[in-house]
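**Q** Sequence and computational prediction follow.
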Amino acid sequence: AYLDDKLKHVGHCFVRLISWIAVGGYNGESKSKQGILLLGKQESKTAQQSDSRYRMLMEQASDGIHTYDMQGNILDVNLSLCEMLGYSREELLRLNIRDLVSAEELARFPIRFDDLGAGRRIISERRLRRKDGTFTPVEISGKILGDGVLQAIVRDVSERKRAEEAIRQAHDELERRVEE
């Protein structure tokens, strides 16, 4: 049974790094094994198409998407996140996700790496720091991917927050008028 399966692009071909459990032998013991499977021409083409589809989906998404490791180092971002926060892709790839959240907010609501690492999906609202130093309200849906990399989908909720504030103000105004 396969335990893990990672596709890697190496030079002009793709290799699949695999881990599996081997059962058998004269004593029936199980052993964990690892190996490299060099993909054939057709498999390599299929892997390239899959990689291309993944990249297209990520770049076409209207929400911001980024991946990061368990220390919070940003590994990949899409164009929507770059536009939302005002950074170039290269600038974001040099940052840690903690660089995008205020110290006060991190103290009150730490990033829940343990929950993410345990496979739990986390949905939260935060304010992310834009390159110009301003903050934008976002809703973040985070989860761990099969290869141990964390993924977050980031939605700008600025318009929703403005609408909620307008409704609250209208409600307060109506209550004030009723009390008069």
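**A** Everything's here; your move. Numbers count the residues shown, from 1 in each chain.

**Q** what number of residues lie near Glu173?
**A** Glu173: 10 surrounding residues under other CB atoms under 10 Å. C-betas here are computed from N, CA, C, even on glycine.

**Q** SS state for it?
**A** State at Glu173, reduced to three classes by DSSP: H, G, I helix; E, B strand; the rest coil: helix.

**Q** Report the separation between it and Ala166.
**A** 11 Å (CB to CB, to the nearest Å).

**Q** partners of Arg127 in the sheet?
**A** Here Arg127 sits in beta bridges with Pro137, going by DSSP bridges.

**Q** Hmm, Ile140 and it touching each other?
**A** No: using CB atoms under 8 Å as the test, Arg127 is too far from Ile140 to be in contact (10.7 Å).

**Q** Look at the two and report which has more neighbours.
**A** Ile140 (19 against 15).

**Q** give the contact list for Gly148.
**A** Counting by CB atoms under 8 Å, 6 or more residues apart in numbering, Gly148 touches Asp69, Met70.

**Q** And it, what's its pLDDT?
**A** The predicted local confidence for Gly148 comes out at a pLDDT of 78.

**Q** Same question for the one 10 residues further on.
**A** pLDDT, Ser158: 86.

**Q** so it touches Thr136, yeah?
**A** Yes: assessed by CB under 8 Å, Ser158 is found in contact with Thr136 at 5.9 Å.

**Q** quick one, which of these two is more surrounded?
**A** Comparing Ser158 with Thr136 by other CB under 10 Å, the one with more neighbours is Thr136, at 17 against 12.

**Q** close enough to count as contact, that one and Glu125?
**A** No: if you go by CB under 8 Å, Thr136 and Glu125 don't touch, sitting 11.3 Å apart.

**Q** residues touching Asp63, list them.
**A** Residues near Asp63 by CB under 8 Å, 6+ apart: Ser80, Ile153, Val154, Arg155.

**Q** Most neighbours of all these, which one?
**A** Scoring those on neighbours with other CB under 10 Å, the highest-scoring entry is Val154 at 24 neighbours.

**Q** got the contact list for it?
**A** Val154 touches Asp63, Gly64, Ile65, His66, Leu81, Met84, Leu128, Val138, Glu139, Ile140, counting by CB under 8 Å, 6+ apart.

**Q** Most widely separated two among those residues?
**A** The distance between the two most remote of the contacts of Val154 (CB to CB) is 14.2 Å, for His66 and Glu139.

**Q** I'm done for today, thanks for sticking with me.
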